[in-house]
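Trainee: whatever this is, show me its structure:
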Amino acid sequence: MVSVNEAKQKIIANSGLLSVETRRVSESSGYVLAADVFAPLSLPSFRQSSMDGYAICHDDIAQHGHSLPVVAESKAGESVRQTLSRGTAIRIFTGAPVPDEATAVIMQEHTTKDGDTIIINEYPVEQNKNIRRIGQQIEKGSVALPHGTTITPGSVGFLMGMNVSLLSVYRKPKVGILITGDELVTAGGELEHGQVYESNSAMLCAALRHEGISEIQLYYAADDLPSTIEALQILSEGNDLVLASGGISVGDYDFVGKALDAIGAETVFYKVRQKPGKPLLFGKRNEKTFFALPGNPASSLVCYYEYVLPAIKKMTGHTNCFLRNLKLPIQFAYSFNGERDEFLKAYANEEDVMPFDGQESFALRSFALANALIYLPVSQQVVQKGDLVEVHLLPLI
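Mentor: Residues are numbered from 1 along each chain as shown. You can find the predicted model right below:
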């Protein structure tokens with residue numbers, strides 16, 4: 001049995017990067033760059049007005065209330081190059097090209113229009129005011145986004161604005177999910193006495209899809225060793241990551257551990273000193289990664305967020321692999337006995353965190369309301385109301 005921190009360290013140490021693929025920028029949000037992206041052009045690529053107003057020569061303005069004739073107009077998207085003569089002004093709009101001779105743009109709100117003349121109600125006028133210089137955002141040839149950057153909607157807009165259409169990114173893993181348990185019935189079926197509806201597959205699929213993982217293979221196996229071996233062998237052939245749900249404890253019908261041995265998977269660790277989620281197994285076979293998750297739904301989801309998700313993050317190029325954590329005061333006192341760290345389903349806001357009732361390993365209602373997990377190590381078995389506790393924020397949005 002390993003500690004929570006030991007388990008996390010072993011997972012990161014044994015999770016390698018997946019291969020690189022080329023994706024369209026428009027379809028790359030959530031992926032991590034596998035190479036630097038260089039700017040193919042400067043942004044802006046021409047001197048550009050940041051305001052609606054008038055392009056002028058700043059030193060033409062000798063005093064407050066100076067007037068200038070308006071001789072032309074420059075609007076966004078215009079390809080005609082306007083020329084500004086000294087002692088004149090050109091009407092200009094946001095995003096429009098600034099004439100080479102202009103040294104400032106006066107905001108429309110700082111002028112008064114009188115026919116074809118404007119009166120400038122600003123003095124002195126600062127040179128280059130309201131003019132975006134060429135390359136002010138980024139210069140051609142420089143690194144636009146470095147290797148390791150996670151693509152966001154903002155990244156997509158930035159890159160498309162430079163006509164970058166393709167990116168090299170780390171691909172998402174293909175994931176196989178094995179569901180075991182003869183007591184399980186798929187949704188829509190009729191329950192007999194002693195049976196329950198199977199929910200772990202849908203729960204895990206939802207969590208994986210939240211990470212942009214779409215290639216998921218489900219396999220159901222009977223509670224016997226040959227079926228479990230066959231299922232794991234099939235799932236390992238076509239997937240990078242295999243998650244087995246249930247069958248990993250010490251019961252007479254728990255065969256996943258033996259089946260993993262049978263297909264040649266090396267167990268990196270088995271059992272974590274925590275509650276819920278003690279019977280967790282992490283294994284490897286060549287480049288394939290295996291997690292055997294507890295069958296109890298809440299235990300399974302805790303293990304997914306705390307261990308499987310960091311492995312996925314590492315495999316797909318992220319550097320911050322674990323859930324974002326912070327210290328918050330707890331809303332009421334809590335204590336526990338035993339020698340295992342505890343994870344509590346909870347709701348966190350900006351001021352504090354509230355653990356829910358229903359912390360049992362089978363209870364999912366509290367997880368349905370939770371946006372965080374409270375992590376209490378054995379060294380913090382007794383907490384009083386207002387004590388600071390470690391809070392792991394769930395990636396729900």
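Trainee: from here on, contacts and neighbour counts on C-alpha atoms
Mentor: OK.
Trainee: look up how far Leu396 lies from the closest residue to Gly53 other than its chain neighbours.
Mentor: Excluding the flanking residues, the one nearest Gly53 by Cα to Cα, 6 or more residues apart in numbering is Gln108, at 4.0 Å. Note on Gln108: its distance to Leu396, by Cα to Cα, to the nearest Å, is 45 Å.
Trainee: more neighbours, these two?
Mentor: A direct count of neighbours by other Cα atoms under 10 Å for Gln108 and Leu396 places Gln108 higher, at 18 against 9.
Trainee: wait, doesn't the more buried one sit right on Tyr54?
Mentor: Yes: contact criterion Cα atoms under 8 Å: Gln108 and Tyr54 qualify, at 6.8 Å.
Trainee: now do the contacts for Gly295.
Mentor: Residues near Gly295 by Cα atoms under 8 Å, 6 or more residues apart in numbering: Asn200, Ser245, Gly246, Gly247, Ile248.
Trainee: could you redo the last one with a cut-off of 7 Å?
Mentor: Gly295 makes contact with Ser245, Gly246, Gly247, according to Cα atoms under 7 Å, 6 or more residues apart in numbering.
Trainee: so it: helix, strand or coil?
Mentor: coil (DSSP: H, G, I helix; E, B strand; the rest coil).
Trainee: need the contact partners of stretch 197-210.
Mentor: With Cα under 7 Å, 6+ apart, stretch 197-210 has contacts from Ile179, Leu184, Val185, Thr186, Ala187, Pro297.
Trainee: and that stretch, how far out from the chain's middle?
Mentor: 19 Å (Cα atoms, centre = their mean, to the nearest Å).
Trainee: list the buried residues for that stretch?
Mentor: Neighbour-count burial for stretch 197-210, counted by 16 or more other Cα atoms under 10 Å, picks out Glu198, Asn200, Ser201, Leu204, Cys205, Ala207, Leu208.
Trainee: can you pull the domain assignment for the protein?
Mentor: As assigned by automatic domain parsing, the chain contains the domains 4-18+172-315, 20-42+138-170, 48-132, 325-393.
Trainee: rounded mean pLDDT for the second one, please.
Mentor: Pointing back at domain 20-42+138-170 there. Mean per-residue pLDDT for domain 20-42+138-170: 97.
Trainee: between the two ends of it, what distance do you get?
Mentor: 5 Å.
Trainee: over to the third one?
Mentor: Between the opening and closing residues of domain 48-132 lies a distance of 5 Å (Cα to Cα).
Trainee: now the last one
Mentor: Using Cα to Cα, the span of domain 325-393 from its first residue to its last is 6 Å.
Trainee: shaky segments in the stretch 101-250 of the chain?
Mentor: Scanning the stretch 101-250 of the chain for pLDDT under 70 picks out 182, 185, 188, 192, 250.
Trainee: what ranges do the strands span in it?
Mentor: 104-107, 111-114, 117-120, 131-132, 143-145, 166-170, 175-180, 184-185, 196-197, 216-221, 241-245 (DSSP state E, counting those that start in this stretch).
Trainee: which residues are contacting the second one?
Mentor: Yep, that's strand 111-114 we're talking about. For strand 111-114, using Cα under 7 Å, 6+ apart, the contacting residues are Ile118, Ile119, Ile120, Asn121.
Trainee: so which of the residues you listed comes closest to Asn5?
Mentor: Asn121 (65.3 Å; Cα to Cα).
Trainee: what's near enough to touch the closest one?
Mentor: By Cα under 7 Å, 6+ apart, Asn121 lies in contact with His64, Gly65, His110, Thr111.
Trainee: at 8 Å instead, please
Mentor: By Cα under 8 Å, 6+ apart, the residues touching Asn121 are His64, Gly65, His66, His110, Thr111, Thr112.
Trainee: going by neighbour count, which of those comes out on top?
Mentor: Most surrounded of the contacts of Asn121: other Cα under 10 Å gives Thr111, at 19 neighbours.
Trainee: what residues sit buried inside stretch 376-383?
Mentor: If you call a residue buried by 16+ other Cα under 10 Å, then stretch 376-383 has these buried ones: Leu376, Pro377, Val378, Gln381, Val383.
Trainee: tell me what the last one is bridged to.
Mentor: Each beta-bridge partner of Val383 is listed here, defined by DSSP bridges: Tyr334.
Trainee: for it, what are its contacts?
Mentor: Val383 makes contact with Ala333, Tyr334, Ser335, according to Cα under 8 Å, 6+ apart.
Trainee: one more: the fourth one?
Mentor: Contacts were defined as Cα under 8 Å, 6+ apart; by that measure Gln381 touches Tyr334, Ser335, Phe336, Asn337.
Trainee: widest-spaced pair of the residues you listed?
Mentor: Spatially, the most separated pair among the contacts of Gln381 is Tyr334 and Asn337, at 10.7 Å (Cα to Cα).
Trainee: before we move on, back to that, can I get the contacts of Gln381 in JSON lines including neighbour count, distance to Leu280 and pLDDT?
Mentor: Listed next are the contacts of Gln381 as JSON lines, based on neighbours: other Cα atoms under 10 Å; distance: Cα to Cα, whole Å; pLDDT from 0 to 100:
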{"residue": "Tyr334", "neighbour count": "14", "distance to Leu280": "25", "pLDDT": "96"}
{"residue": "Ser335", "neighbour count": "10", "distance to Leu280": "24", "pLDDT": "95"}
{"residue": "Phe336", "neighbour count": "14", "distance to Leu280": "21", "pLDDT": "95"}
{"residue": "Asn337", "neighbour count": "10", "distance to Leu280": "21", "pLDDT": "94"}
